[in-house]
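Colleague: can you look at this prediction? I've put the sequence above it.
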Amino acid sequence: MRAALHSLRIWLAEPRDGFALAAFIAGASILGIAFLVMLCGIPNRYRKFVVMSVTFVAGLFLSLEFLLPRDVVSAQGLVFSIGAIGLIISLGFAAKSAAARPRDIRGLGIWLAMTVASTAVAYFASSLRAIAVPLTTLSKSLTTARPAVGDLAMIISSFAVLLGILNLFQIHGRAVSRRTQGWYNSAAFFVAFFAILIVGLVMDWRQSQLAHLEPGSPAFTTVSRANTINSNLFQILFRGFLTSLESTMFSLIAFYIVSAAYRAFRIKSAEAVLMMVAAVIIMLGLVPIGASITSFLPESGIFSNLRLERISYWLLIGPNMAVQRAIGFGIAVGALAMGLRIWLSLERGSFFDRQL
Amino acid sequence: MLNQAIKTISDNATGITIWCGALCTFAIYSVLYKENKFYRLFEHIFIGLAAGYGVYMTWSIVLRPKWWEPMVHNGQWYWVFAAVLGSMFYFMYSKRHVWISRIMFGLFMGLAAGGMFREFYELIFPQLGASMKPILNQSAADNGVIPNVFYTLQVCVFYAILIACMVYFFFSFEHRNRVVSSAASAGRWFLMIGFGAIFGATVMGRMTLFIGRFNFLAQEWAPQVSPGLSHYWVWVAVAAGIVLLAVILKRHPNSSNE
Amino acid sequence: MGVFEKLQNLDRRILYVLLAVVVSAPLLIRPSRHPGIVLSEVQSAYNAVDRVSSDKIAIISTVWGAGTEAENGPQTEAVMRHMFQKGIKFVVLSWDPVGAEITYRDGSRIAKELGKHYGVDWVHLGYRPGPIYAVVSGMAEDFQRVIDHDRFNKKLKDIPLTRDVRSHRQIGVVVEITPSGTATTWIAYFTQPYGIPLVYCPTAVMAAEAYPYLDSGQMAGMLNGVIGAAQYETLIGLGNSPTYAAAAAWSLSAAHIYIIALIFLGNLGFLTMRSRNRVGGRAGR
């Protein structure tokens, strides 16, 4: 049976070409479509379970890969630790039982027996290589599989690139077809989208053509000339339009900061004063002019600590570092809790509670 | 004629690129005066270009070499299943079967959530260790020198700020105890220092983006405008335009002044 | 209408024009004088890159695009120049499609200037769409499989520089140049588990949050925005060159003084008007 499965696996993984390849691709496509049809047929009451299971199994991969031990000694330690946790829980309940009902000898006896039993099981289980070795093997297999999973995740997530594009096409397509106000802007969107896409794809095609042509041949010269023209057109679209527009859009924020600094930043409390003082010291200390302002102070000695750039630097590596660390701890604990809730599908909210 | 036009554009690509860049810059900056059609047009062009470029790069760098070529040219037919899985994202547009897209989103969210143990351990445990700073400067004490007072003060300040800020963020219980409420109040004050640092850094960061854009106009576009003359004259002209604009604004003070 | 009332109602467009005037002078004059001070985290970043041994390569991971080119571009350029000067072989990995093109163009320009060759001294791995944690964690174990090809779709095993790069063992340093918080992914999956130094080059907005990681040693050094780039240029011997980073540092000085003046004026006007209203209110009773 094992040999048959192995042979089947080798036969399936064997690269194909020509008609066989087309047949296998067609067959796999049909299988894929059948899978999707089957998914569509799953009753409502099982859908949430399917989503939860996929989420849990996906999370299990990286969790186990990290949590499982890599060597036998650590694995044995892990098994013993699990037993020790059982022991502590039993002892705790024993103590609680003794405190609540001191005369209940039978109850106390049961808990103490469980304590001894869990200690014995933990010691015995941890000494068994039959438990420790599979754990380490699993851990190593998961680590070996990490590159393949990373690769696959990158490829599958790339298929989602059209999600946002389809939405944009719907909105702008509607504007153009109905000739709503400003429809020419939507037309410009389509022109820009297809212009850079087509020019880019043609550029790739020409470059792949060049790779197969003999340098110096007439065909190579013709394609090379066409490729140069195409590359220049691409540069106009990319460098002249796209990067200029993107960087200019981001730079607008500078002007809004200027407007906000003059109109919105009102110091109405003592805390706001502290915040502004810290901000002003750091803003001046980071730039060359800050050093110039207190350049009259000596560069060494006790008074050198009053130089603006040193006060600014001390604020960054001292109080600011402590504050950011405290914030970081809070965020990390929150992120861990949130991650657990998502992994175990405990999260609630509009996306998670939507009727399936 | 079209071929000739394309060839001419291609031969002058560098100059055209810079002029297009300047045109785009002024088009976007025109919104600072007031909302206008010029800005809207170039905004839509930007969205189209960004979307088209994203699709092109995803195909060219990822899908073609890692999915299409192995499947079609190297005979690895099983890559079809990757497309099947990828197509599940698009069930988002189906009202009846939208749940199928949630399988894929759940897959990636689960994958990310599964990494949180490692992230928590690798990011936070070293920080916990680094937070345990010795109060005394050990190397100075070993040498028989009086412990560095400033170092000790700095460590005490660090501990005070760290603990006060962490107490502030403990929302699980009410701050009834006087010590706890005082610590939380002090934490709020210390947080202002951190926020001031972030604010100062934000101003610096955002200003730099504008400086970068202005640098393009000054160092790349201006020489294109007047290659024979000193490009400072361009800025004299720009300054004159700005003064004229200010005069116009003074005469029409109600122009979009929110 | 009093002076303060007029100032409070000042057209914001005049403020915009004044900003342009304030930042323009250093960019036109182009001073060659770099910031005189080099912060210790910049020096540490320089040392971390400088110490990469000859049998290892560096990874320059760029997450930035055209939007933050003004800050991250000079950082990328300074680090690339240092690596070329020192003969440290490196690969550039980009997580933004626009940034991939820009970093390749910049790398080609600097390589040509310094007489370096693509494929031997440096390689550009092109754009990767992510998810970053999956790609980075996979790279640590099997670099060739996950990355597979460069931006020209040439297999890594066919490129002299990357032929022998298999996993984290052949990586000497990671330089993360980013406008977002992606450095934690590198720390969690690549640099911290395997003890590889990480040099962090954020935009100024993200820099304040990085100091805890510098303190704990999880980051080997940091370049704080364009100021950090200017300081790094000083260390690599460009201290007297009229670079963009040096001019930007002086423009920033002017801009910061302007912002502080605006905050001061705005609050002065606000407080004056508030006290006048209070006095007027009391008088009216």
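Modeller: Arrived safely.

Colleague: per-residue pLDDT, the closest residue to C:Asn47 other than its chain neighbours?
Modeller: Excluding its sequence neighbours, the residue lying closest to C:Asn47 (CB to CB, 6 or more residues apart in numbering or on different chains) is C:Gly221, at 7.2 Å. Yep, even glycine has a C-beta here, placed from its N, CA and C like the rest. Note on C:Gly221: pLDDT of 96.

Colleague: list the contacts for A:Ala219?
Modeller: A:Leu213 (CB atoms under 8 Å, 6 or more residues apart in numbering or on different chains).

Colleague: from A:Gln209, how far off is it?
Modeller: Separation of A:Ala219 from A:Gln209 (CB to CB, to the nearest Å): 8 Å.

Colleague: same deal with A:Leu168?
Modeller: For A:Leu168 relative to A:Gln209 (CB to CB), the value is 32 Å.

Colleague: buried residues in stretch A:136-144, which are they?
Modeller: Applying a neighbour-count criterion of 16 or more other CB atoms under 10 Å in any protein chain shown, one finds A:136, A:139, A:142-143 buried in stretch A:136-144.

Colleague: output the below-cut-off pLDDT ranges for the chain.
Modeller: No chain specified, so I'll use chain A. Counting by pLDDT under 70, chain A contains low-confidence ranges at A:126, A:128-129, A:348-356.

Colleague: switch to chain C, please.
Modeller: Applying pLDDT under 70 to chain C flags the ranges C:1, C:32, C:280-285.

Colleague: for chain A, what's the nearest residue on it?
Modeller: Residue of chain C nearest chain A, by CB to the nearest CB: C:Gly138 (2.6 Å).

Colleague: ok, now how distant is that residue from chain B?
Modeller: Using CB to the nearest CB, to the nearest Å, C:Gly138 is found at 12 Å from chain B.

Colleague: and that residue, that's in a helix?
Modeller: Yes: secondary structure assignment places C:Gly138 in a helix (DSSP: H, G, I helix; E, B strand; the rest coil).

Colleague: you'd agree it is up against A:Val149?
Modeller: Yes: counting by CB atoms under 8 Å, A:Val149 is a contact partner of C:Gly138 at 6.7 Å.

Colleague: neighbour count: those two, which is higher?
Modeller: More crowded of C:Gly138 and A:Val149, by other CB atoms under 10 Å in any protein chain shown: C:Gly138, with 24 against 19.

Colleague: the more buried one: what's it in contact with?
Modeller: C:Gly138 neighbours (CB under 8 Å, 6+ apart): A:146-151, C:145-146.

Colleague: then A:Val133?
Modeller: By CB under 8 Å, 6+ apart, A:Val133 lies in contact with A:72, A:75.

Colleague: at 10 Å what do you get?
Modeller: Contact analysis of A:Val133 by CB atoms under 10 Å, 6 or more residues apart in numbering or on different chains lists A:72, A:75-76.

Colleague: state the distance from it to chain B.
Modeller: From A:Val133 over to chain B the distance is 23 Å, taken as CB to the nearest CB.

Colleague: which of the three states applies to that residue?
Modeller: Assigned by three-state DSSP, the conformation of A:Val133 is helix.

Colleague: repeat for A:Ser295
Modeller: Note that with three-state DSSP, the state of A:Ser295 is coil.

Colleague: strands of chain C, start to end?
Modeller: Secondary structure of chain C by DSSP state E: the strands cover C:57-62, C:90-94, C:122-127, C:171-178, C:198-202, C:221-222.

Colleague: in JSON lines, list those strands along with mean neighbour count.
Modeller: Output for these, formatted as JSON lines (neighbours: other CB atoms under 10 Å in any protein chain shown):
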{"stretch": "strand C:57-62", "mean neighbour count": "25"}
{"stretch": "strand C:90-94", "mean neighbour count": "25"}
{"stretch": "strand C:122-127", "mean neighbour count": "24"}
{"stretch": "strand C:171-178", "mean neighbour count": "25"}
{"stretch": "strand C:198-202", "mean neighbour count": "29"}
{"stretch": "strand C:221-222", "mean neighbour count": "25"}
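
Colleague: can I get the ones you listed in TSV including distance to A:Ser97?
Modeller: Output for the strands of chain C, formatted as TSV (distance: least, CB to CB, whole Å):
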stretch	distance to A:Ser97
strand C:57-62	57
strand C:90-94	60
strand C:122-127	63
strand C:171-178	55
strand C:198-202	52
strand C:221-222	56
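
Colleague: residues in contact with C:Ile259?
Modeller: Counting by CB under 10 Å, 6+ apart, the residues that C:Ile259 touches are A:254, A:257-258, A:260-262, A:265, A:279-280, A:283, B:200, B:203-204, B:207, C:19, C:22.

Colleague: among the residues you listed, who's most crowded?
Modeller: B:Met207 (33 neighbours).

Colleague: picking up where we left off before, now do the shared contacts for C:Gly138 and A:Val149.
Modeller: Common contact partners of C:Gly138 and A:Val149 (CB under 10 Å, 6+ apart): C:Val146.

Colleague: in chain C, which residue sits nearest chain B?
Modeller: Residue nearest to chain B within chain C: C:Ala70 (2.2 Å; CB to the nearest CB).

Colleague: do the strand or helix carrying A:Leu245 and chain C come into contact?
Modeller: Assigned by DSSP states H and E, A:Leu245 belongs to helix A:244-263. Yes: using CB under 10 Å from any CB of the partner chain, helix A:244-263 comes into contact with chain C via A:244-251, A:253-263.

Colleague: and stretch B:3-11 with chain A, contact?
Modeller: Yes: residues of stretch B:3-11 contacting chain A under CB under 10 Å from any CB: B:3, B:6-7, B:9-11.

Colleague: ok, residue 77 - contacts?
Modeller: No chain was given, so I picked chain A. So A:Gly77 contacts A:69, A:71, A:84, A:126, A:132 (CB under 10 Å, 6+ apart).

Colleague: the chain in question should be chain C.
Modeller: C:103, C:106-107, C:109-110, C:229, C:232-233, C:238, C:243-245.

Colleague: now, of those residues, which are buried?
Modeller: Among those, those buried by neighbour count (16+ other CB under 10 Å) are C:103, C:106-107, C:110, C:229, C:232-233, C:238, C:243-245.

Colleague: closest point of the stretch 1-150 of chain A to chain C, which residue?
Modeller: Nearest to chain C in the stretch 1-150 of chain A, going by CB to the nearest CB, is A:Gly150, at a distance of 2.6 Å.

Colleague: that residue contacts C:Thr185, doesn't it?
Modeller: No: contact criterion CB atoms under 10 Å: A:Gly150 and C:Thr185 do not qualify, at 12.0 Å.

Colleague: more crowded one of those two?
Modeller: Ranked by neighbour count (other CB under 10 Å), A:Gly150 and C:Thr185 place A:Gly150 first, with 28 against 25.

Colleague: hang on, the earlier thing: do the helix holding A:Leu245 and chain B meet?
Modeller: Yes: Helix A:244-263 comes into contact with chain B (CB under 10 Å from any CB), by way of A:244-259, A:261.

Colleague: hey, where'd the helices end up in chain C?
Modeller: Counting by DSSP state H, chain C has these helices, from start to end: C:3-8, C:12-29, C:40-50, C:69-86, C:97-114, C:132-141, C:143-147, C:183-186, C:192-194, C:204-207, C:211-216, C:225-235, C:244-284.

Colleague: which strands or helices does the fifth one pack on?
Modeller: Read it as helix C:97-114. Applying 3 or more CB pairs under 10 Å, 6 or more residues apart in numbering or on different chains; DSSP states H and E, we find helix C:97-114 packed against helix A:218-235, helix B:37-57, strand C:57-62, helix C:69-86, strand C:90-94, strand C:122-127, strand C:171-178.
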